[in-house]
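based on what follows, work out the 3D shape:
(2 chains)
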Amino acid sequence: GDSVTQMEGPVTLSEEAFLTINCTYTATGYPSLFWYVQYPGEGLQLLLKATKADDKGSNKGFEATYRKETTSFHLEKGSVQVSDSAVYFCALFSGGYNKLIFGAGTRLAVHP
Amino acid sequence: DTEVTQTPKHLVMGMTNKKSLKCEQHMGHRAMYWYKQKAKKPPELMFVYSYEKLSINESVPSRFSPECPNSSLLNLHLHALQPEDSALYLCASSPHGDVRDYGYTFGSGTRLTVV
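This next block holds a predicted model:
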């Protein structure tokens, strides 16, 4: 079945460091890919998305490129801030019952 | 209005109580979802409603009873819960048939504690 694998956390960085959170997927067909962010005590917010191969999603300084050849959708940010501390979930949608499939989540902690 | 509103934000209930969680959206979305999220885990799908009809029940115990009275409102009725049901309950919605392009919009959740 379809699945998403994320790098295990927590990821701990200093402010202004470069961030990469790895995400790979297994899916039949051509899924859409998403990154959601969850701040402490809150629900999930859509951060960015890509619907086809080679698409780049971007938002708030975060970027991810849909790589079909490596089945990956890694999240990157050039300079993280303390306010980026949160849990990041990679997710895919490949059709059928409107069901999003989530990865396990990666916790990011950014220190001043 | 681009929000999914969940009430209450926090709920403490005893194992013999009956309570309900409420979710509302006014974005015209015709698919709505309940998820359960335990600490440090990803959300787990419980139910999917499509055009106000239940389309997926992920083998959820009958002590959880969903209801979709209209296209804007989704309820989750709770009865005889166990302490292990304590979790964050998230509601989400999506344009039916457009999850591929838009994903889900989530509410902020209800933090449920069963004592």
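
what residue ranges in the chain score low on pLDDT?
With no chain named, the answer covers chain A. Residue ranges of chain A with pLDDT under 70: A:96-97.

switch to chain B, that's the one I care about
B:1.

all strands for it, in order.
For chain B, applying DSSP state E gives strands covering B:4-7, B:10-13, B:18-25, B:31-37, B:44-50, B:53-57, B:64-70, B:73-79, B:87-94, B:105-106, B:110-114.

same question for chain A.
A:3-6, A:11-14, A:19-21, A:23-26, A:32-38, A:44-50, A:56-59, A:62-65, A:75-77, A:86-93, A:101-102, A:106-111.

how about these in CSV, adding mean neighbour count and distance to residue B:105?
C-beta coordinates here come from the backbone N, C-alpha and C atoms, glycine included. Output for the strands of chain A, formatted as CSV (neighbours: other Cβ atoms under 10 Å in any protein chain shown; distance: least, Cβ to Cβ, whole Å):
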stretch, mean neighbour count, distance to residue B:105
strand A:3-6, 18, 20
strand A:11-14, 14, 26
strand A:19-21, 18, 22
strand A:23-26, 19, 21
strand A:32-38, 25, 11
strand A:44-50, 21, 7
strand A:56-59, 15, 15
strand A:62-65, 20, 18
strand A:75-77, 19, 20
strand A:86-93, 24, 13
strand A:101-102, 21, 15
strand A:106-111, 17, 22
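
now these as TSV including distance to chain B?
Putting those into TSV (distance: least, Cβ to the nearest Cβ, whole Å) gives the following:
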stretch	distance to chain B
strand A:3-6	9
strand A:11-14	14
strand A:19-21	14
strand A:23-26	12
strand A:32-38	4
strand A:44-50	4
strand A:56-59	11
strand A:62-65	13
strand A:75-77	15
strand A:86-93	5
strand A:101-102	4
strand A:106-111	8
